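Colleague: below are the sequence and a predicted model; questions follow.
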Amino acid sequence: MPETFIHPEEIEGLLAGNRRPDRRQIEEILAHAREAKGLNPPEVAALLNLEDPDLWQEVFRLAKELKLEIYGRRIVLFAPFYVSNHCANDCAYCGFRCSNTASERRALTVDEVRREVELLERTGHKRLLMVYGEHPKYGVKYMAETIAAAYATRTSDPCGEIRRININAAPLDVPDYRVLKDLAIGTYQVFQETYHPGRYAELHPARTRKGDYAYRLYALHRAQEAGLDDVAVGALFGLYDWKFEVLGILYHALDMEKSLGVGPHTVSFPRLQPAINTPLYHETPYLVSDDDFRKLVAIVRLMVPYTGMILTAREKPELRHEMYSLGVSQIDGGTRIGIGGYSEKEKENIPERQQFTIYDTRSLDDVIRELIELDYIPSFCTACYRSHRTGEAFMNLAKHGHAKDTCQPNAILTLKEFLLDYASPETRRVGDALLAREIERLDARDHERVSRQVKEIEAGKRDLYF
Ligand code: SAM
Ligand code: SF4
């Protein structure tokens, strides 16, 4: 195994060496976290070992505070869109793995992609996360065709369009990433699954492409080299000790900052879920409890304060509510993860079509109404990447506390579009009340501009942004 920036003995040493952090040490770490400059590995190791319930309440409070300070009260919405589940890998936890004979295989045709995207647009979505298995027959050419088809799909009355497509797919080489860069994709996500090389080898057979730990670990470095400067890290929690994985994510972010000058745009923390004919879920000793999950989410917010945090419909609605206040900045809504699951209603949420089970199957309208009732501003904003505020440029904005200067107005403008074009009467009612309050909270300059643009949207204009 080549030398990488993950040194398991070092991570284990940090966790063992900070086993019983005292109150003063934690208070110092929290004071440092409050500066919103991130935390170092020993500080994170100490927080991971914290037990005092009162101090945990402090951690949760601070996670919320930092999120509000950096991003404001907006939460960005997207739809996962599973395009193909053909896969040559054999990841022990995944319903799509090649040895899983219970999985129905399917790769959407370009026409089927259009049909799915039309339906997504008709619910109000503007941002997609397109997801692919890894298979030689469905490589970058297939990805490029389906991405181009999704971007080109437009609906009318009301006018719908996809304005940003993020990708979750296997690691690629630099020339293939360039093909996707030319298609103007947003973020490229690759989850390391587990950062522990030994556990990684147990779960990903060496004969498969995914068996190469180091190739995957540097996937996002290569993506950045190809010019894809918004990239996303993640670990699949439940495969190994969650504390080790949190430190793995931190070392990954630190190495990206050191060698590329910019850390990840977002971080994901999916929890392992049951999948058809997949015993690993029932056998792993590492499933993460809800309590530990809350803790890890809050720690991630403190350790990488400028990184977007994504929470998916793998989690139940009740837990999702709580997580919004711990630092989460992006969620999915109206989620279906079966291949063809948006247009083939009779086949939605059936295990044979899905990679795993999801627990939040509410409609987008329901998810949005709930966010509004909790006093968050649901956002479909795609302004940054279309205004070239990506990679380092976005991070600089965030680090100087300016991300919310654009995030908040753009959330208002995109929510206004949603309320007019797609919302149910009840969602429109609570949404309009929220927008009126939010516009009043803006400073004089933004107040004037946003009020004017809201009127323009009411008069039929679309896609206005800061
Ligand atoms: N095939 C590509 C890859 O492996 O990078 C795309 C990723 S896969 C379709 C999306 C992600 O789903 C994986 O990276 C993994 O973290 C997650 N996943 C796989 N099986 C899962 C399960 N049983 N429960 C929850 N998440 C799972
Ligand atoms: Fe294939 Fe990805 Fe599933 Fe692994 S996680 S079997 S690579 S789809």
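Modeller: That came through fine. Ligands and ions are numbered 1, 2, ... in the order given.
Colleague: so the closest residue in space to Gly391 that isn't next to it in sequence, which of the three states?
Modeller: Leaving out its chain neighbours, the residue that sits closest to Gly391 by CB to CB, 6 or more residues apart in numbering is Asp229, at 2.9 Å. To be clear about C-beta, it is placed using only N, CA and C from the backbone, and glycine gets the same treatment. Here Asp229 is recorded as coil under DSSP: H, G, I helix; E, B strand; the rest coil.
Colleague: adjust the sequence numbering to begin at 52 for everything that follows.
Modeller: Got it, the first residue is 52 from now on, which makes the last one we talked about Asp280.
Colleague: hmm, His439 and Asp280 touching each other?
Modeller: No: the pair Asp280 and His439 does not pass the contact test of CB atoms under 8 Å, sitting 9.9 Å apart.
Colleague: next, give phi and psi for the residue nearest to Gly442.
Modeller: Per-residue torsions, Asp280: phi -90, psi 0 (degrees, to the nearest 10).
Colleague: circling back to that earlier point, more neighbours, Asp280 and His439?
Modeller: Asp280 (22 against 10; other CB atoms under 10 Å).
Colleague: got the contact list for that one?
Modeller: Listed by CB atoms under 8 Å, 6 or more residues apart in numbering, the contact set of Asp280 reads Val313, Thr441, Gly442, Glu443.
Colleague: what's near enough to touch the second one?
Modeller: Thr441 makes contact with Asp280, Asp281, His316, Cys435 under the criterion CB under 8 Å, 6+ apart.
Colleague: quick one, strands of the protein?
Modeller: For the chain, the strands defined by DSSP state E cover 125-135, 178-183, 205-206, 211-212, 215-219, 239-240, 282-285, 317-319, 359-362, 381-383, 428-430.
Colleague: take those strands and lay them out in CSV including distance to Asp141 and mean pLDDT.
Modeller: Shown next, in CSV, are the strands of the chain (distance: least, CB to CB, whole Å; pLDDT from 0 to 100):
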stretch, distance to Asp141, mean pLDDT
strand 125-135, 17, 97
strand 178-183, 16, 98
strand 205-206, 39, 97
strand 211-212, 38, 97
strand 215-219, 19, 98
strand 239-240, 21, 98
strand 282-285, 20, 98
strand 317-319, 22, 98
strand 359-362, 26, 97
strand 381-383, 27, 98
strand 428-430, 38, 97
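Colleague: okay if I get those as CSV plus distance to Ile508 and mean neighbour count?
Modeller: Formatted as CSV, the strands of the chain follow (distance: least, CB to CB, whole Å; neighbours: other CB atoms under 10 Å):
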stretch, distance to Ile508, mean neighbour count
strand 125-135, 17, 24
strand 178-183, 18, 23
strand 205-206, 18, 14
strand 211-212, 15, 18
strand 215-219, 19, 23
strand 239-240, 31, 26
strand 282-285, 30, 24
strand 317-319, 28, 23
strand 359-362, 25, 23
strand 381-383, 23, 24
strand 428-430, 14, 26
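Colleague: how about low-confidence regions in the stretch 402-517 of the chain?
Modeller: Within the stretch 402-517 of the chain, the stretches with pLDDT under 70 are 402-404, 452-454.
Colleague: nearest to ligand 2: which residue in it?
Modeller: Residue nearest to ligand 2 within the stretch 402-517 of the chain: Gln406 (6.1 Å; CB to the nearest ligand atom).
Colleague: how about the contacts made by whatever residue of the stretch 402-517 of the chain ends up closest to ligand 1?
Modeller: When scored by CB to the nearest ligand atom, the stretch 402-517 of the chain has Phe407 as its residue closest to ligand 1, at 3.5 Å. By CB under 8 Å, 6+ apart, Phe407 lies in contact with Cys145, Gly146, Leu323, Gln324, Pro325, Ala326, Arg365, Ile388.
Colleague: looks like Thr465 contacts Ser430 (just checking).
Modeller: Yes: contact criterion CB under 8 Å: Thr465 and Ser430 qualify, at 5.5 Å.
Colleague: nearest residue to Leu106 in space, please, no chain neighbours.
Modeller: Here the residue nearest Leu106, using CB to CB, 6+ apart, is Ile77, at 5.2 Å.
Colleague: who in this protein is up against ligand 2?
Modeller: For the chain, the residues in contact with ligand 2 (CB under 6 Å from any ligand atom) are Cys138, Asn140, Cys142, Cys145, Phe147, Arg148, Gly184, Glu185, Lys261.
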